[in-house]
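S.K.: Structure of the sequence below:
(one chain, ligands or ions: 4)
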Amino acid sequence: MSLRLFTAPPLSRFTHLFPTPHHHHQSSKLSFHPRTQPTLLRASSSRSPELLISDNNGAGPGLSASADLSSIEVDAVTEAELKENGFRSTRRTKLVCTIGPATCGFEQLEALAVGGMNVARINMCHGTREWHKDVIDRVRRLNIEKGFAVAVMMDTEGSEIHMGDLGGASSAKAEDGEVWTFSVRAFDSTLPERTINVNYEGFAEDVKVGDDLLVDGGMVRFEVIEKLGPDVKCRCTDPGLLLPRANLTFWRNGSLVRERNAMLPTISSKDWLDIDFGIAEGVDFIAISFVKSAEVINHLKSYIAARSRDSDISVIAKIESIDSLKNLEEIIQASDGAMVARGDLGAQIPLEQVPAAQQRIVQVCRQMNKPVIVASQLLESMIEYPTPTRAEVADVSEAVRQRSDALMLSGESAMGQFPDKALTVLRTVSLRIERWWREQKRYEAMVLPSIGASFSEKISEEICNSAAKMANNLEVDALFVYTKTGHMASLLSRCRPDCPIFAFTTTPSVRRRLNLQWGLIPFRLSFSDDMETNLNKTFALLKARNLIKSGDLVIAVSDMLQSIQVMNVP
Ligand SMILES: Nc1ncnc2c1ncn2[C@@H]1O[C@H](COP(=O)(O)OP(=O)(O)OP(=O)(O)O)[C@@H](O)[C@H]1O
Ligand SMILES: CC(=O)C(=O)O
Ligand SMILES: [K+]
Ligand SMILES: [Mg+2]
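M.R.: Ligands and ions are numbered 1, 2, ... in the order given. Model (predicted):
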C-alpha cells in the first residue's frame, strides 16, 4: 500500500476535466436557487426524477452506464440545508424517530423526513407485522419519490417481564389502594376486571409477599399482598396509567429481583420471527432489547450473515439492563452500535445512576468507534405539550455536548400530539450546542485508543486522525471520504472534526447506514480506484448542484488509496 500526503496540483490541471456537455446539461436541469425557495419541501421536490429513480435501483449494477456515472445522490433536505446555511452550520447530531400511530402515514413520515429524521424506528413491542411492513414500505417510497435516505431500524421486543395487552384497551387507570391481580394464566376470553396478564411463567413463584411491583420503572407501583397459585394479588401504592405491554420489575429490600428471569432468552421465539421479517424487508438496523452478553450479538450477526445475501444489516445493542452494564465493553465490541435505552435502564438501576451510565456508554462507543444513540424521555412532556420543559432542553443539550451520534424520540413521535415540534426542538438544540462547541474551540480531550486489528487498519485510523486534525487546524470547509464499506467515514466521524464530512459510497444501503453517524453527510456515487478521477467527478457533480464552489478548501481521504489530499476546489 502507498502512504502519501500531498497537496493537489495547481488548479489548471483540474479545469480541463470539468465542463463536458453532459455536465452542463445536468447542471441546468438540476440547479435551483434555495434562497429564493421558502421551504425545504419545495427544494426537495424540485429534484430531477432521473436522479431519484437511480436511488431505487441500487448501486451501479442495475443502472445504465451513463446514468450511473453522471449521478450523485444526497438527501434532499441535507442538500437544501447545505445550500442555505453553508457547510459549517449543517447539523452533525443525527435524529431517530419512533414511528407509531401519530406518524405512520405517508405525509406524516414525509414531514418527519423534512424535519430532519435520519432513521425511522419501528418497535416490535407494538403493532402487527403488517402494520410495520406498511411503515417500511412508506419510508422506502418516500426515499424513492422524494429523494431522502431515511434508514429503518427495527427494535425487538425482548423477553423481559411485561404485562399483556390489556384485552384491547389502550390504557387502564389504577387507583390508590385498589387490589389488582397479576396472573400468568392464559385467559381465552376477556380479561376479568382489574386483572393483568404477565408474560413470564415463573412470575407467581418468584415474587414474595411484600415485594414492590413497578410498572415502567415506577410510573405505577403495587405491593404484593397475596399469592394464589398463578395469581398474585397486589395493592396499588402509587396510582397511575397502565399501558399495554408495560415493563414490569419487582424489587425486594431496595434492589431489583432477578431470580430465574435472569435466564430468559434475550431473543425470544417471537423476536426470531420478527428478525426474519426484518431481514426479508431489508431493514438497515436491528436493535436488540435487553442484551446481556456479547454472545447473543455474535449469534445474531452470524445468523444475519447466513440469511441475508448482502449481510448489510447493522446490529445495535440496547443497553438497558444490569448485565449489559456489567459486560459493556465486550457487548459494544461485538455490536455495530449501541443505544442508551434509558427507559428500561432507569427501571433496573437507581435513576440517579443513569446519567453516569449514559456518559460511560457514550464514551466507550466513541472509543470503540461504534455509533451511539441516546434514547427515551428526551422530550417526554412534548407528548402532551407543544413546548419542552427547560430540564428537557438541558438533557438534550447534554447528550449533544457528550457528542453522541444520535438522539431518539419515542412516545413523542410515536403517539404524541406534537411529533414535528419535538423533532424541531432536537434539531435546533443540536445546532445551537454544536455551534457553541465550535465557537468555544472545545477541542476534544477524549483519548481515542488505537482500535485497528491489522497494520492496514491502523494506517487508515492514523490517516483519519491526522486528516481530522488538519481539517481543524487549517479550517477547511469539508472533509471528503471515499469509502465502499463506510469504515473510513466512521473513523473520521469518530474524531468529531469541526467541518462536515462528505462520505461518498457506492451502495444505497451503506449510505443509509452512515446516516446514523455523527457529522457524516452520505452521498451515493459510483467511483473508481483512481482518486484524481473521483475528485474531478465529485467536484463537477457537486458544483453542478451548487453544493461547492471554486476556492472551497477540502481534505480528501479514501479507503482505496491510503492518502490525504488537501486542495482548493478548482
Ligand atoms: N407501533 C406502535 N403502535 C402503537 N403504539 C405505539 C407503537 N410504537 C410505539 N407506540 C406507543 O409509543 C410509546 C413509546 O414508544 P417506544 O417505542 O419508545 O416504547 P416503549 O413501549 O416504552 O418500549 P421500549 O422499551 O421497547 O422502547 C409506547 O409505549 C406506545 O404507547
Ligand atoms: C428505548 C428503550 O427500549 C428504552 O428506553 O427502554
Ligand atoms: K422494544
Ligand atoms: Mg426498553
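S.K.: For the rest of this, base every contact and every neighbour count on C-alpha atoms.
M.R.: OK.
S.K.: how about stretch 103-119 as PDB, C-alpha atoms only?
M.R.: Included here for stretch 103-119 are C-alpha records, laid out as PDB according to Å, rounded to 0.1, in the frame of the first residue of the first chain:
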ATOM      1  CA  THR A 103     -46.700   9.300  12.400                       C
ATOM      2  CA  CYS A 104     -47.300   6.200  10.300                       C
ATOM      3  CA  GLY A 105     -49.000   8.000   7.400                       C
ATOM      4  CA  PHE A 106     -47.000   8.900   4.300                       C
ATOM      5  CA  GLU A 107     -47.400  12.600   4.800                       C
ATOM      6  CA  GLN A 108     -46.600  12.400   8.400                       C
ATOM      7  CA  LEU A 109     -43.400  10.400   7.600                       C
ATOM      8  CA  GLU A 110     -42.600  13.000   5.000                       C
ATOM      9  CA  ALA A 111     -43.000  15.800   7.500                       C
ATOM     10  CA  LEU A 112     -40.500  14.000   9.800                       C
ATOM     11  CA  ALA A 113     -38.100  13.500   6.900                       C
ATOM     12  CA  VAL A 114     -38.300  17.200   6.100                       C
ATOM     13  CA  GLY A 115     -37.800  17.900   9.700                       C
ATOM     14  CA  GLY A 116     -34.500  16.000   9.800                       C
ATOM     15  CA  MET A 117     -35.300  12.400  10.700                       C
ATOM     16  CA  ASN A 118     -32.300  10.300   9.700                       C
ATOM     17  CA  VAL A 119     -33.600   7.000  10.900                       C
END
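S.K.: Is there proximity between it and ligand 2?
M.R.: No - contact of stretch 103-119 with ligand 2 (C-alpha under 6 Å from any ligand atom) is absent, the minimum separation being 14.0 Å.
S.K.: quick one: that stretch to chain centroid distance?
M.R.: On the basis of C-alpha atoms, centre = their mean, to the nearest Å, stretch 103-119 sits 14 Å off its chain's mean C-alpha point.
S.K.: So for that stretch, mean pLDDT?
M.R.: Mean per-residue pLDDT for stretch 103-119: 97.
S.K.: And for stretch 520-528?
M.R.: Mean predicted confidence for stretch 520-528 is 92.
S.K.: now swap in stretch 275-289 and tell me
M.R.: Mean pLDDT, stretch 275-289: 96.
S.K.: and the residue lying farthest from the centre of the chain, how far is that from ligand 2?
M.R.: Within the chain, the residue lying farthest from the chain centre (C-alpha atoms, centre = their mean) is L228, at 44.7 Å. L228 sits 31 Å away from ligand 2, going by C-alpha to the nearest ligand atom, to the nearest Å.
S.K.: And the pLDDT at that residue?
M.R.: For L228, pLDDT reads 94.
S.K.: which residues sit in contact with it?
M.R.: For L228, no residue meets the contact criterion (C-alpha atoms under 8 Å, 6 or more residues apart in numbering).
S.K.: Show me what it is bridged to.
M.R.: D231 (DSSP bridges).
S.K.: does ligand 1 sit close to stretch 112-130?
M.R.: Yes - counting by C-alpha under 6 Å from any ligand atom, ligand 1 has neighbours in stretch 112-130: N123, H126, G127.
S.K.: This structure against ligand 1: which residues are in contact?
M.R.: So the chain meets ligand 1 at T98, I99, G100, P101, N123, H126, G127, D344, S410, G411, A414, M415 (C-alpha under 6 Å from any ligand atom).
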